[in-house]
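J.: Have a look at this prediction, sequence included:
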Amino acid sequence: MTADSEEKSAPSRRAWPIFRSLRGATPAGLGRDVVAGLTLAAIAIPVQMATARLGGFAPQTGFIAFVAACLGVAAFGANRRLAAGADSTITPIFAGSLALLAVAGAPQYPVLAAAFAIMVGVMLVAAGAFKLGWIADLLSTPVISGFLAGIALHILLSQAPDILGLPEGSGSVYHRLRAIGAETGAINWVSAALGLGVLAVTFVAAKISARIPGALIALVGATLVTVLFHLDRHGVAVLGPMRGGFPYPSLPLVGFQTALRLAGLAFVVALVVMVQTAATTRSVSDGDSAPDVNGDFIGVGVGGLLAGLFGAFPVDASPPMTTIVSESGGRSGYAGLTAALAVLLLAAFGAPLLAHVPDAALGGVLLFVALKIVHFETFAAVLRRAPTEFGLALLTTALIVIFPIQTGVALGMFLSLAHGVFTITRTRPIPFERAPGTTVWWPVSAGGHGETEPGILVMGFQAPLSFLNAQDFKRGMLAAIGRRRGAARLLILEASSMVAIDFTASTVLEEVIAKARNAGMDFAVARLESVRARVAFDTFGLTDLLGANHLFRSVEEAIRTLKPQTSDQRK
């Protein structure tokens with residue numbers, strides 16, 4: 001699916017009506033949505049608590065983020081089954097940076113997080129409003145896989161102390177590993193058993209069916225064991241008393257300099273959210289229409305704004321939770337609203353039930369999440385089919401592990417863009433030949449069994465022509481002209497792959513046309529199929545320079561039309 005096709009939408013889409021995801025719901029379907037919503041809540045509750053703890057927040061803050069995300073997506077999102085909430089992919093990215101400005105647990109920390117959530121939300125809403133869905137395609141699959149693997153390692157290391165009953169570590173990956181190694185003699189094996197038990201139950205449940213709330217079952221089981229056997233007396237840490245209720249909305253205020261420091265990080269997190277939201281909404285597209293990625297950016301962005309106003313942190317679309325809604329029969333935004341209501345009730349009245357939840361159990365939930373976000377099958381496929389890009393994935397993982405996580409993510413994004421630019425700039429003009437017995441002109445094959453026309457040189461360029469590759473295009477074309485000087489009287493540029501031409505490339509193409517004519521060659525362009533490229537030809541004066549009678553729908557048409565003129569020129 002291309003970005004252009006996603007931007008084609010009905011008038012109702014362009015208006016972004018509120019609660020579009022609820023339209024068309026029927027009483028019969030409402031029952032399925034309620035079941036899907038309750039299933040989603042059962043799956044989400046432990047994950048939202050654990051993700052909040054991962055970011056240095058109270059567990060109930062994850063509930064606030066989830067409810068806000070559900071409301072935003074239901075009210076402004078486009079995909080009927082999209083689910084969002086606190087997400088372990090983005091939480092480690094911003095938590096480390098926020099900790100540099102305020103220590104987790106300090107009064108200023110949640111204020112910074114809330115302001116940061118609003119900044120990310122504004123960026124996402126703007127991205128949707130200005131149709132920037134194409135930005136989500138700027139990160140390649142190997143880079144995304146490497147990025148997720150690095151994030152997973154950070155999650156594993158951050159949760160290891162809670163599971164093992166050790167003091168919480170800090171600093172780089174090296175320092176965390178060193179601290180764990182130094183404290184191996186103090187491991188609380190009861191705590192470790194709880195954490196690994198939660199991981200095992202969650203893993204087995206997921207293998208049986210994604211709709212089984214394995215994490216919730218394991219969390220409840222670990223809590224009951226802790227209470228029945230008084231494990232808190234044996235060094236097993238528990239959440240302890242928590243404040244119930246739900247906060248009132250307020251605008252978090254931070255200084256101008258602090259906002260500037262957060263802006264760059266907000267852009268990085270917003271881009272990650274855009275990538276994950278686009279991938280998620282495409283994965284559950286109805287199939288009868290193009291997925292409205294831009295509409296879902298707005299939905300998730302509004303969810304982030306609400307989360308910030310109620311004192312939580314940025315939210316993200318969740319592929320696992322969205323899959324749960326789809327597999328549980330959810331067909332409208334009522335599923336997300338049902339889940340939000342269930343979690344809201346728990347946040348308001350269920351705080352006493354959560355006091356005895358072991359920290360190690362939440363760590364076990366996050367271990368499962370970390371293992372799930374590593375795309376082992378993608379790594380294997382890339383290794384088999386594109387070893388160079390596999391190296392790119394490993395390099396991205398290494399950058400996120402070696403550097404501060406937000407720096408590693410930014411460098412990974414740069415690597416993805418650099419790889420894309422490198423791929424485009426490697427394009428060179430290549431000679432074409434006619435497939436024997438046909439009128440099809442094709443790149444010259446290794447066997448060299450194609451046909452050519454005497455006195456005619458056909459060259460192709462299989463990429464958009466821009467400032468990135470214009471000079472290589474020029475060098476290749478001039479070299480071909482030099483080799484055939486005096487032997488060829490007609491040069492045809494096969495342009496079917498030239499979907500775009502910018503100003504720099506147009507000036508280079510003018511030079512190539514002039515050089516060909518100076519070498520005694522007529523110059524024609526065939527199969528300039530792209531509308532954008534044809535507009536560029538007109539805008540930059542290339543059509544006038546060539547003459548409309550030198551633009552053809554096929555190479556054969558150009559040969560039939562201009563070959564007699566070439567013969568006449570030879571006489």
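T.: Arrived safely.
J.: Just name the shakiest helix or strand of the chain by mean pLDDT.
T.: Using mean pLDDT, DSSP states H and E, the weakest-scoring helix or strand in the chain turns out to be helix 3-7, at a mean of 41.
J.: Show me how the record splits the chain into domains.
T.: The chain resolves into domains spanning 26-421, 430-570 when parsed by automatic domain parsing.
J.: Could you say which of the ones you listed is packed most deeply?
T.: Among these, domain 26-421 has the highest mean neighbour count (mean count of other CB atoms under 10 Å), at a mean of 21. (Each C-beta comes from the backbone N, C-alpha and C, glycine too.)
J.: which stretches of the stretch 51-200 of the chain form helices?
T.: 59-76, 91-101, 108-129, 141-164, 173-182, 189-208 (DSSP state H, counting those that start in this stretch).
J.: so can I have CSV of the domains of the chain showing mean pLDDT?
T.: Formatted as CSV, these follow (pLDDT from 0 to 100):
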stretch, mean pLDDT
domain 26-421, 90
domain 430-570, 91
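J.: which residues touch the residue lying closest to residue 114 once chain neighbours are set aside?
T.: Using CB to CB, 6 or more residues apart in numbering and skipping residues adjacent in sequence, the residue nearest residue 114 is residue 252, 3.9 Å away. Contacts for residue 252 (CB atoms under 8 Å, 6 or more residues apart in numbering) come out as 111-112, 114-115, 118, 308, 311.
J.: quick one: secondary structure of residue 252?
T.: Under DSSP: H, G, I helix; E, B strand; the rest coil, the three-state class of residue 252 is coil.
J.: One more: residue 427?
T.: coil.
J.: pretty sure it contacts residue 470?
T.: No. Counting by CB atoms under 8 Å, residue 427 sits too far from residue 470 to count as a contact (10.6 Å).
J.: joint contacts of these two?
T.: Joint contacts of residue 427 and residue 470 (CB under 8 Å, 6+ apart) do not exist.
J.: thinking again about what came up before, of the domains of the chain, which is nearest residue 18?
T.: domain 26-421 (5.4 Å; CB to CB).
J.: for the closest one, how far is the first residue from the last?
T.: Using CA to CA, to the nearest Å, the end-to-end distance of domain 26-421 comes to 49 Å.
J.: what about the helices in the stretch 401-550 of the chain?
T.: 405-425, 470-483, 503-518, 531-539, 542-546.
J.: and the third one, what other elements does it pack with?
T.: Using 3 or more CB pairs under 8 Å, 6 or more residues apart in numbering; DSSP states H and E as the contact test, the elements touching helix 503-518 are helix 470-483, strand 522-526, helix 542-546.
J.: and the ones you listed as a markdown table, adding distance to residue 373?
T.: Listed next are those as a markdown table, based on distance: least, CB to CB, whole Å:
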| stretch | distance to residue 373 |
| --- | --- |
| helix 470-483 | 39 |
| strand 522-526 | 48 |
| helix 542-546 | 48 |
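J.: right, and these - which one's nearest residue 57?
T.: That would be, of those and by CB to CB, helix 470-483, which comes in at 50.6 Å.
J.: Tell me how far that closest one lies from the chain's centre.
T.: 38 Å (CA atoms, centre = their mean, to the nearest Å).
J.: How about stretch 202-216?
T.: 26 Å.
J.: Report the distance from stretch 260-269 to the chain centre.
T.: For stretch 260-269, the distance from its own C-alpha centre to the chain's C-alpha centre is 17 Å (CA atoms, centre = their mean).
J.: make that stretch 300-320, sorry
T.: Taking the mean of its C-alpha atoms, stretch 300-320 sits 16 Å from the chain's own mean (CA atoms, centre = their mean).
J.: Who are the contact partners of residue 472?
T.: For residue 472, the contact set (CB under 8 Å, 6+ apart) comprises 425, 427-428.
J.: I only care about these that end up buried; give me the PyMOL line for that.
T.: Under the burial definition 16 or more other CB atoms under 10 Å, those of those that qualify are selected in PyMOL by:
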select buried, resi 425+427
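J.: Pick the one among the contacts of residue 472 closest to residue 128.
T.: Set against residue 128, the nearest of these by CB to CB is residue 425 (31.5 Å).
J.: quick one: that closest one and residue 525, what's the gap?
T.: Using CB to CB, to the nearest Å, residue 425 is found at 22 Å from residue 525.
J.: repeat for residue 203
T.: Distance from residue 203 to residue 525, by CB to CB: 59 Å.
J.: Ok, residue 354 next?
T.: Residue 354 is 69 Å from residue 525, by CB to CB.
J.: Residue 185 too?
T.: 75 Å.
J.: quick revisit: for residue 122, find the nearest of the helices and strands packed on helix 503-518.
T.: helix 470-483 (37.0 Å).
J.: what angle do the closest one and helix 503-518 make?
T.: 10 degrees (axes from the mean of the first three to the mean of the last three CA atoms, to 10 degrees).
J.: Let me have helix 470-483 in PDB, keeping just the CA atoms, if that works.
T.: C-alpha atoms of helix 470-483 as PDB (Å, rounded to 0.1, in the frame of the first residue of the first chain):
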ATOM      1  CA  ALA A 470      21.700  13.300 -10.900                       C
ATOM      2  CA  GLN A 471      25.500  13.400 -11.200                       C
ATOM      3  CA  ASP A 472      25.800   9.600 -11.500                       C
ATOM      4  CA  PHE A 473      23.000   9.700 -14.100                       C
ATOM      5  CA  LYS A 474      25.000  12.400 -16.000                       C
ATOM      6  CA  ARG A 475      28.300  10.500 -15.800                       C
ATOM      7  CA  GLY A 476      26.700   7.200 -17.000                       C
ATOM      8  CA  MET A 477      24.800   8.900 -19.900                       C
ATOM      9  CA  LEU A 478      27.900  10.900 -21.000                       C
ATOM     10  CA  ALA A 479      30.000   7.700 -20.900                       C
ATOM     11  CA  ALA A 480      27.400   5.900 -23.100                       C
ATOM     12  CA  ILE A 481      27.300   8.800 -25.500                       C
ATOM     13  CA  GLY A 482      31.100   8.900 -25.700                       C
ATOM     14  CA  ARG A 483      31.300   5.100 -26.500                       C
END
